[in-house]
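1. Please work out how this folds:
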Amino acid sequence: MVRQLTPPHMQHSLRFSKRLLGACLTTLLASYTTLAQTRPGFYSGFEAPVAANTYSVSGTGTGLCLGCLVTNPERAVDDNLDNYATIQNTLGAVGGGVSLKMNLTGIAPLGYRAGVVISTGSVLNVSTLATLTLRTYLGGVLQQELSGSDALISSTLLADNRYGVEFGATKAFNQVEIVVGGLLNGVNTVRVLYAYGVPGALQAQRGIGYLSRSAVPAAGDYAVTTSGGSPLALCVGTGVANPGNAVDKDLTNYATMTTEAGVNACSVALQVKLEGTAPAGYQAGFTVGNTSVVDLNVLNELQLTTYLDGVRQESRRGAELLQLTALPDQRYQVSFRSTKAFNRVELQQKALVSVLNTLHVYYGFGIEPRFFHDVTPVLSNFEAPQRGTEYQESASGLLCLGCGSTNPQKAADNVLAAGDYASVRFPLSALVTYRLKLRLNGAGGAGNRAGVVLRTNDGILNASVLQNIRLTTYAGSNGDQLVESASGTGLLDLGLINDNRHEVAFLTKRAFDWVEVELTGGLGLFSDARIYYAFAEDPNPAFPAIVGPALPPSEARTGRSSDISAVSAPLEVFPNPAAGAQRVQVGLAQLPAAGSTLQLYNMLGQMVRSVAAPERTVELPVTGLGSGLYRVVLVDTRGQHLASQTLVVGAR
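-> Reported below is the predicted structural model:
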């Protein structure tokens, strides 16, 4: 059925009670269980805010701050999300500033995201961010302080020119303070809507995977190649120093990859051998760093390639295809999701035009995907989706001949194949906006990533295309409560799944039930788009402290370990990968509670096996399962997920 785009007939209100922010997490439907987090969020939302109990205002620094004041500070801690306090430094600050400290409704544990939602009336760029400081407190005691220019601070453009400015807290907190000042006329007026502490990525102790780590590195464990140059000038200064450091056991050692300024298209590549073979679906990449921030310009000159027994498997290049994850100490992971098995990875760097490029390469890896994306997200996957209750359409713009949508219900059904999607068509010159709102088959939690899987006709999602995509979350059974919105640079392109399908998402701050994708056509943009489904998922967990192959259940039960780990994981699967096995053994670190079960989920979040778990060792049948990645989950009688592990089922 082809449906013409028609203007919407409903206006959405931005009003949303702060008391409801953490109350939208519901019990998931029995037909679909997810590992999406249900940890609560905490906000500066009080029904009757009182100074000293819920907020405080003060001057900061030792310098002069003329015209500095905070008007209506209580509005940043009241129960109306649209209210705001206003921080002003009208005459500019020289060494001084003014701050607003806001209490939260509870104690946010370490690992939560600490931040504020603000509006400045202008673009929040690097120079204006430098005038801001965020601090966290616990019971009035300072815990952390970060400048807005710190690499650990992130800012996201939300709806109505609002920004979320935040960082991942390494200490618990129940107060968040924002400081404005420090630079002459940096930011004159800042509206502060509220502060928050919402769940961040969970830290896992041990991950299954393989590193470029050898007790005694040999020449065959790495290879260095260079290319480029011209008859007039060779690539002098291009190469890799100490390549053996990228394959030794000390993961703090690094090789130094250097390329000369790119007048001769010089490039250098370092290939390293992994400890074992990573199955298809594992994340392939390197941990890298340098003396400054690895930005998009550097990322665009990097290429990752995987090999299996010397045979090239697949390759990804540039910021549009590679995933960049920040680690402490100015280190990063650059990686992509593999579709083929591999046991060697290669990093190639091309020279930039105007600078000498030096990159520290610590080690290569092939690691289970749960450390890079949620393998059991909440999806818009209903058996028989209905218009209005599971999906809603609207459009705006001038009359558009040739514009239309087809099969919008397919973005809300439980068929997640590449050929099952909602289709939207735009003539190249049409300035039309189309919206498809999709209900999730479960609850999206505060701190989740909210997103959609989509594909454009040219398969490219660059910055100009992302500017014409907006994602919005809603709450309520009919999706009438607007919660959050992000577009352009506020969106994360999480990379390709396959068939040029992209995951596009943003990090939320509040619970939600619906995800809406808004697409605007225009000259030079996509002429059609395919929308596959919406999702809510946990953000990437922190990189595991320990990486190694799966331990046999006997080692998990007795506490034995290799030199990789001295700590047993709460759930181990053996054999893993399971190739040709009819059943696998699951070892639990301790005796499970009565009534516990082991459940097995495929990558679509569908439960395919469920067995009772009365003992510490349980057999799980895998006969009849297709090859691929699965998730083994230990569930108690209340439906709470106690532990989980990835299972790889190979071809028989």
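2. tell me the domain ranges of the protein?
-> 42-198, 206-371, 375-537, 550-649 (automatic domain parsing).
3. could these be laid out in CSV, adding mean neighbour count?
-> Glycine gets a C-beta too; all of them are placed from N, C-alpha and C. Below are the domains of the chain laid out as CSV (neighbours: other CB atoms under 10 Å):
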stretch, mean neighbour count
domain 42-198, 19
domain 206-371, 19
domain 375-537, 20
domain 550-649, 17
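4. Which one of the ones you listed has the poorest average confidence?
-> Comparing mean pLDDT over those, the weakest stretch is domain 550-649, at a mean of 72.
5. what's the longest strand in the protein?
-> Identified as the longest strand of the chain according to DSSP state E is strand 93-108.
6. got the angle between whichever helix or strand comes after that strand and strand 93-108?
-> Using DSSP states H and E, the helix or strand that directly follows strand 93-108 along the chain is strand 113-119. Here strand 113-119 points in a direction 130 degrees away from that of strand 93-108 (axes from the mean of the first three to the mean of the last three CA atoms, to 10 degrees).
7. Partner strands of strand 113-119, with direction?
-> strand 163-168 (antiparallel), strand 189-198 (antiparallel) (DSSP bridges).
8. So for the residue nearest to the spatial centre of the chain, what's the pLDDT?
-> Centrality entry for the chain: nearest residue to the mean C-alpha point is Pro539, 4.4 Å, by CA atoms, centre = their mean. The score at Pro539 is 78. That number is its pLDDT.
9. that's a helix at it, yeah?
-> No. Using DSSP: H, G, I helix; E, B strand; the rest coil, the assignment for Pro539 is coil, not a helix.
10. Not counting sequence-adjacent ones, nearest residue to Gly220?
-> Excluding the flanking residues, the one nearest Gly220 by CB to CB, 6 or more residues apart in numbering is Lys273, at 7.0 Å.
11. Please apply the same query to Val180.
-> Ile87 (4.8 Å).
12. Kindly report the same for Leu647.
-> Excluding the flanking residues, the one nearest Leu647 by CB to CB, 6+ apart is Tyr630, at 4.5 Å.
13. cool, and Glu260?
-> Gly237 (4.4 Å).
14. On the three-state scheme, that neighbour is what?
-> Here Gly237 takes the coil state, with states given by three-state DSSP.
15. how near is it to Ala246?
-> Going from Gly237 to Ala246 by CB to CB, to the nearest Å gives 19 Å.
16. Confirm for me that Tyr84 is in contact with Arg75.
-> Yes. Taking CB atoms under 8 Å as the definition, Tyr84 is a contact partner of Arg75 at 5.6 Å.
17. wait, isn't Pro146 in contact with Thr133?
-> Check again: residue 146 is Leu, not Pro. Yes. The pair Leu146 / Thr133 is scored as a contact, 7.1 Å apart, by CB under 8 Å.
18. residue boundaries of the strands in the stretch 551-652 of the chain?
-> For the stretch 551-652 of the chain, the strands defined by DSSP state E, counting those that start in this stretch occupy 571-574, 583-588, 597-602, 607-612, 617-621, 628-635, 641-649.
19. With distance to Tyr434 as added columns, please give those strands in a markdown table.
-> Converted to a markdown table, these look like this (distance: least, CB to CB, whole Å):
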| stretch | distance to Tyr434 |
| --- | --- |
| strand 571-574 | 44 |
| strand 583-588 | 46 |
| strand 597-602 | 31 |
| strand 607-612 | 34 |
| strand 617-621 | 44 |
| strand 628-635 | 33 |
| strand 641-649 | 37 |
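20. Which parts of this structure are helices?
-> Here the chain has its helices, by DSSP state H, at 126-129, 296-299, 463-466, 553-558.
21. List just the one of the strands of the stretch 551-652 of the chain that sits closest to Phe336.
-> Nearest to Phe336 among the strands of the stretch 551-652 of the chain is strand 628-635 (15.5 Å), distances taken as CB to CB.
22. Pull the residues that contact that closest one.
-> 33, 35, 279-281, 369-370, 375-376, 570-571, 573, 586, 588, 592, 596-603, 608, 613, 620, 641-649 (CB atoms under 8 Å, 6 or more residues apart in numbering).
23. In PDB, could you pull the C-alpha coordinates for stretch 47-55?
-> Only the C-alpha atoms of stretch 47-55 are listed here, as PDB (Å, rounded to 0.1, in the frame of the first residue of the first chain):
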ATOM      1  CA  GLU A  47       8.100  19.200  43.900                       C
ATOM      2  CA  ALA A  48       8.900  22.100  46.400                       C
ATOM      3  CA  PRO A  49      12.500  23.200  45.900                       C
ATOM      4  CA  VAL A  50      14.100  25.000  48.800                       C
ATOM      5  CA  ALA A  51      17.400  26.800  48.800                       C
ATOM      6  CA  ALA A  52      20.200  25.000  50.800                       C
ATOM      7  CA  ASN A  53      18.200  21.700  50.500                       C
ATOM      8  CA  THR A  54      18.000  21.500  46.700                       C
ATOM      9  CA  TYR A  55      20.300  24.200  45.300                       C
END
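24. pretty sure the residue nearest to Val180 contacts Asn72?
-> No. Contact criterion CB under 8 Å: Ile87 and Asn72 do not qualify, at 10.4 Å.
25. what are the bridge partners for the nearest residue to Arg616 once chain neighbours are set aside, then?
-> Nearest residue to Arg616 in three dimensions, chain neighbours excluded: Leu588, at 4.6 Å (CB to CB, 6+ apart). Counting by DSSP bridges, Leu588 is bridged to Leu571.
26. Check the gap between the nearest residue to Thr258 once chain neighbours are set aside and Phe372 for me.
-> Once flanking residues are discounted, Thr258 sits nearest to Thr358: 5.2 Å by CB to CB, 6+ apart. Plainly put, Thr358 is 26 Å away from Phe372 if you go by CB to CB.
27. No more questions from me, cheers.
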